[in-house]
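Undergrad: Structure for this input, please:
(one chain, ligands or ions: 1)
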Amino acid sequence: MQTRKWMKTCRCCLLSLLAFPLMSFTVVIDAGHGGHDAGAIGKMGVKEKDLNLAVAKQLGSKISAQYPNVKVVLTRETDVFLPLQQRADIANKNHADLFISIHTNAAENRNACGAETFILGTERMEDNLDVAMRENAVMKLEEDQTVYQGFDPNSVESYILFELMQNQYMDNSLVFAELVQEQFVGTLQRANRGVRQAAFWVLLKSACPSVLVEMGFISNAAEEKWLASTEGKKGIVNGIFDAFEKYYKR
Ligand SMILES: [Zn+2]
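TA: Below is the predicted model of the structure:
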């Protein structure tokens with residue numbers, strides 16, 4: 001009797017597994033900005049939010065096509081505004097194994113160029129405060145800022161919060177960040193700004209290994225052109241995909 005009961009249960013499990021293949025890994029891809037927040041805007045009029053979305057969507061499709069067992073979640077699939085905290089909430093609600101936030105850089109210096117990949121951290125935090133402040137400042141465009149509990153993205157003092165944190169995901173974040181940066185520098189031959197640490201709210205609040213990729217400078221004429229081109233985006237998608245593949249297969 002016992003055996004028959006077990007067999008019955010087992011058959012049920014098997015059937016449900018066949019119906020819903022086991023999703024062993026979840027990657028959340030976050031296209032920065034959106035809606036009334038365009039992000040950085042280039043001289044040609046290219047908007048960061050559009051580049052980020054195009055790359056995020058293509059990357060998501062490529063991972064889904066090649067790895068059907070990987071659950072791919074995009075924080076946004078259209079041109080909509082999404083609060084910063086909500087992006088991290090999406091990662092946490094889906095129990096993400098990896099969070100990739102896609103952004104495009106900008107600087108006063110029009111010659112600034114190259115790719116950099118950020119992980120959460122406080123090493124040389126002051127050096128990267130400008131980029132963190134710019135990306136975190138998005139929260140100022142949100143209606144309800146109570147979720148940030150008094151954190152002011154434009155105040156240096158607020159960043160003490162990051163010095164108090166414990167980052168248990170740092171090792172794996174670093175592994176993935178280095179794989180991404182390798183692609184930008186090796187395959188894509190972009191100027192190497194390196195893997196850096198900075199105080200990004202989305203990374204702080206995502207409970208998993210996470211990186212924020214700054215694909216290139218929209219404020220640099222040549223780089224804006226490259227980022228806007230089909231080949232440029234395809235190259236970035238392939239590069240981040242290869243990095244994902246290496247990380248996933250470890
Ligand atoms: Zn951005």
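
Undergrad: which residues does G121 contact?
TA: Going by CB atoms under 8 Å, 6 or more residues apart in numbering, G121 touches N167, M170, Q197, A198. In this view, the C-beta of every residue, glycine as well, is placed from N, C-alpha and C.

Undergrad: helix, strand or coil for the third one?
TA: Assigned with DSSP: H, G, I helix; E, B strand; the rest coil, Q197 falls in the strand class.

Undergrad: Show the pLDDT at the residue nearest to it when sequence neighbours are not counted.
TA: Spatially, and ignoring its direct neighbours in sequence, Q197 is nearest to G121 (2.8 Å; CB to CB, 6 or more residues apart in numbering). If you check G121, the pLDDT there is 92.

Undergrad: V175 versus G121, what's the distance?
TA: Separation of G121 from V175 (CB to CB, to the nearest Å) stands at 14 Å.

Undergrad: My assumption is that Q85 lies in a helix; please confirm.
TA: Yes - counting by three-state DSSP, Q85 is part of a helix.

Undergrad: Name the SS class of the residue nearest the centre of the chain, please.
TA: Centroid-nearest residue in the chain, with CA atoms, centre = their mean: S101, separated by 1.4 Å. Here S101 takes the strand state, with states given by three-state DSSP.

Undergrad: which residues does it bridge with?
TA: Here S101 sits in beta bridges with D30, L212, going by DSSP bridges.

Undergrad: In contact with it: list those residues for me.
TA: Neighbouring residues of S101 by CB under 8 Å, 6+ apart: D30, G32, R87, F200, V202, L203, S210, V211, L212, V213.

Undergrad: mind running it again at 6 Å?
TA: Going by CB atoms under 6 Å, 6 or more residues apart in numbering, S101 touches D30, G32, V202, L212.

Undergrad: now it: how far from E135?
TA: For S101 relative to E135 (CB to CB), the value is 9 Å.

Undergrad: just the helices in the chain please.
TA: 2-19, 48-66, 84-93, 129-136, 160-163, 170-185, 201-205, 221-228, 230-249 (DSSP state H).

Undergrad: May I see the buried residues of the last one?
TA: This points to helix 230-249. For helix 230-249, the buried set under the neighbour-count rule, 16 or more other CB atoms under 10 Å, comprises 232-233, 235-244, 246-248.

Undergrad: quick one: which two of those residues are the most distant?
TA: Greatest spatial distance in the buried residues of helix 230-249: G232 and Y248, 24.4 Å, computed using CB to CB.

Undergrad: The ion versus the residue nearest to Q197, what's the distance?
TA: Between G121 and the ion the computed distance is 18 Å (CB to the ion, to the nearest Å).

Undergrad: What distance do you get for Y248 to the ion?
TA: The gap separating Y248 from the ion is 25 Å, by CB to the ion.

Undergrad: From the contacts of S101, list the ones also adjacent to the ion.
TA: When contact is defined as CB under 5 Å from the ion, those meet the ion at G32.

Undergrad: V156 - how many residues pack around it?
TA: By other CB atoms under 10 Å, 10 other residues sit near V156.

Undergrad: Near the nearest residue to it once chain neighbours are set aside, how many other residues are there?
TA: Spatial nearest neighbour of V156, chain neighbours left out: L129 (7.0 Å); criterion: CB to CB, 6+ apart. By the criterion of other CB under 10 Å, L129 has 15 neighbours.
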